[in-house]
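A.B. asks: Would you be able to build a 3D model of this:
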Amino acid sequence: MQFSYSRVSLFKDCPYHFKLRYIDKLTEIPKLDANNPLIIGNAMHKGIETNRETMLEEYYNSFPVITNDQVHEAMKLEILLEKVKEYFDDEEDVEYIHEYKIDVPELKGFVDLIVRYPDGKCYVIDFKYSNYIKNYVDSGQLHIYQHFLEKAGFNVQGLGYLFVPKTNMKKGDSEELYQFRRRLVKEVNRSKVTFLEIPFNQNKVDEFFADCKRINNATKYPKNVSGNCFGCNPNFSPNFLEAIQNEKGDIEMTLPKNERREKKIDTRPDLWLYADSYVGKSTFVDQFDNLLFANTDGNTDNTSSPVVAIKDKVWKEGRQTKRKYGWEVFLDMIRDLETEENTFEAIAIDLYEDLRDHCRNYVMDKYGWEHESDGSYGKGWQMVTKEFQNAIKRLKALDYQIIYISKEMKKDVTLSGGNVKTTYLPNIDEKTANFTTGTVDLTIRAYMDNKDNRVLQLAKHPNIFGGGRFNFLTDKIPLDMTEFINALVDAQENAVKNGVKTETKQKRKPRAEKEEVVEVEEVEETIDDNGEELAPVAKRTSYYTDGTEFVKLEKDDVIPDGFEKTTKKAYEASLVEEVEDVEVEDEEVKEAPKTRERRQRKPRAEKEEVVEVEEVEETIDDNGE
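C.D. replies: Modelled structure (predicted):
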């Protein structure tokens, strides 16, 4: 095992949580709080290495959407960055080496900053975003770094921590936003960075190697042996995707991991789609094959996939009124999916926020509460949260494509300069939203533009809740499944082209047909049987250009020499330009756009396959003209 200082420290604090993270390799759902120390630390490092703008971009891009809380943390970062840079302003003729990577068989780590003077002497500095200086006096981190840096040829003469102060303030209930921010800026400006020099201690290095040996020989992993484990504190316990946990964070059951494999294009990602009413979000999702809807609002007229109605059921048994909560119906559905054979490949929850409300109502009734606050010391909120999250984890552990559908809401955020920006986000509370986006591959928004076109927003924007593991090549596309699949494929092919590893979740086969599947990477033939080089061909309907001419190619069409792939949008724009350049004679009849007949959806009991017939435009009148 290759060690890091943080790995060894975690083992010394809590072997149990070390095992969960590094041996069991459970997936920890990130906590996207605005003051997340890891996110703030990474942003600060980026700012020290580059500039203010890059730091803020790094910080804001770590979240699905911008909020006032994040604006407050960004305001702090701007002030603190200047304080850190001022600290190094007096140094001249020195070389700053940022984020130096140590990667040897015994250790992997990153040194925040190495300051190298002209005579070759080096000083190693680690940045800490903390007010608790005394907690780091006995840390072995810098001693380990010096040991391995000297083996790499660095002449290390000094070690030290530079502490960037934290300022924790909350807005008062009667305080205006501008008043709070003025008070916040004043307080952060008063704070000071502190440098703590650490003398090298060889004993710390020896202890580190002894701890590594203990880890390699460990057979038992007790909890919180140091008494300092944050993960054993219910307020800070990690939330694992593959584990059912109680309100204290204790693991009650470990779920099977949803393994990933490499080198396959994923056209069925787990996603969260949100939009305003009547945009067509459910109709879009309905185009996935072998889909099962878990529907909460009864609005199924425009979809054709099978439906499980998630709603309360009330009936009479004698004089007694019986009730089965919608949440119990949902749990029954999960149980059936876990145990019964079926041919479904995807599950869509429509609407996701309604399901969260069903869960809340169930828990409130179970404990006789009217509100979460009725549970003492935050117990009510914890019980609802854990009940909901554990069910979603169970659903995720099954090898289906999972899709969440939500309505959209808007919130105004006041930027640091006073400008107000409207943000678009799913209609659910912030903590549930942050949990959910950590369980999917992609979170995207659909909307109607000012020309009443239905649009799917792919690229991430600070004011639009979204993001995921795909770097799309286009900002937005029509709300169309073919366009969406093409955008997914293009993004993943481009990632492979640029040397970025792509991962795909193992998707399920229908239970009745399951068999072992061996993934074989498809190799494109470039030489024919006679040894001649084959011309490249399009793998699907695609668009190409040589810079001046645009062409549309169908699957297996030969790609002309000198042509490179482009977007459908660019191709269509070129057609518009061509039309504008052509003089149309008065007697020429302009071809009307082709239209398509809309099919009517039949009641489910009499549903049959419907073949769409393209309407053909009449070109001959009754006189043969």
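A.B. asks: The residue positioned nearest the centre of the chain: what's it in contact with?
C.D. replies: With distances taken as Cα atoms, centre = their mean, the chain has Gly468 as the residue nearest its mean C-alpha position (3.9 Å). Contacts of Gly468 were listed using Cβ atoms under 8 Å, 6 or more residues apart in numbering, and they are Pro269, Leu271, Val440, Asp441, Leu442, Thr443, Ile444. In this view, the C-beta of every residue, glycine as well, is placed from N, C-alpha and C.
A.B. asks: Let me have the residues you listed in CSV, extended by secondary structure, distance to Asn131 and pLDDT.
C.D. replies: As requested, those are arranged in CSV below (DSSP: H, G, I helix; E, B strand; the rest coil; distance: Cβ to Cβ, whole Å; pLDDT from 0 to 100):
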residue, secondary structure, distance to Asn131, pLDDT
Pro269, coil, 41, 95
Leu271, strand, 40, 96
Val440, coil, 36, 96
Asp441, coil, 38, 95
Leu442, strand, 38, 96
Thr443, strand, 34, 97
Ile444, strand, 39, 97
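A.B. asks: quick check, nearest of the residues you listed to Ala391?
C.D. replies: Val440 (15.6 Å; Cβ to Cβ).
A.B. asks: ok, the residue nearest to the closest one when sequence neighbours are not counted - how many residues close by?
C.D. replies: The shortest distance from Val440 to any non-neighbouring residue, by Cβ to Cβ, 6 or more residues apart in numbering, is to Asp270 (4.5 Å). By the other Cβ atoms under 10 Å criterion, the neighbourhood of Asp270 contains 22 residues.
A.B. asks: For the closest residue in space to Asn201 that isn't next to it in sequence, pull up the helix or strand it's in.
C.D. replies: Nearest non-adjacent residue to Asn201, counting by Cβ to Cβ, 6+ apart: His143, 5.5 Å away. Using DSSP states H and E, His143 falls within helix 141-151.
A.B. asks: Can you list the helices and strands that that helix packs against?
C.D. replies: Packing contacts for helix 141-151, counted by 3 or more Cβ pairs under 8 Å, 6 or more residues apart in numbering; DSSP states H and E, involve strand 95-104, strand 107-116, strand 121-129, strand 155-164, helix 202-217.
A.B. asks: Residues contacting it, please?
C.D. replies: Identification of contacts with helix 141-151 by Cβ under 8 Å, 6+ apart yields 5, 100, 102, 104, 106-107, 109, 111, 114, 122, 124, 126, 156, 159-161, 198, 200-202, 204-205, 208.
A.B. asks: sorry, back to before: thought the residue nearest to Val440 was touching Leu398?
C.D. replies: No: Asp270 lies out of contact with Leu398 (Cβ atoms under 8 Å); the separation is 11.4 Å.
A.B. asks: thinking again about what came up before, tell me the spacing between the residue nearest to the centre of the chain and Gln389.
C.D. replies: Here Gly468 is placed at a distance of 20 Å from Gln389 (Cβ to Cβ, to the nearest Å).
A.B. asks: swap in Glu175?
C.D. replies: Here Glu175 is placed at a distance of 33 Å from Gln389 (Cβ to Cβ).
A.B. asks: ditto for Leu20
C.D. replies: Distance, Leu20 to Gln389, using Cβ to Cβ: 17 Å.
A.B. asks: now Cys232
C.D. replies: Distance of Cys232 to Gln389, given as Cβ to Cβ: 19 Å.
A.B. asks: all helices for the stretch 201-350 of the chain, in order.
C.D. replies: 202-217, 281-285, 326-339 (DSSP state H, counting those that start in this stretch).
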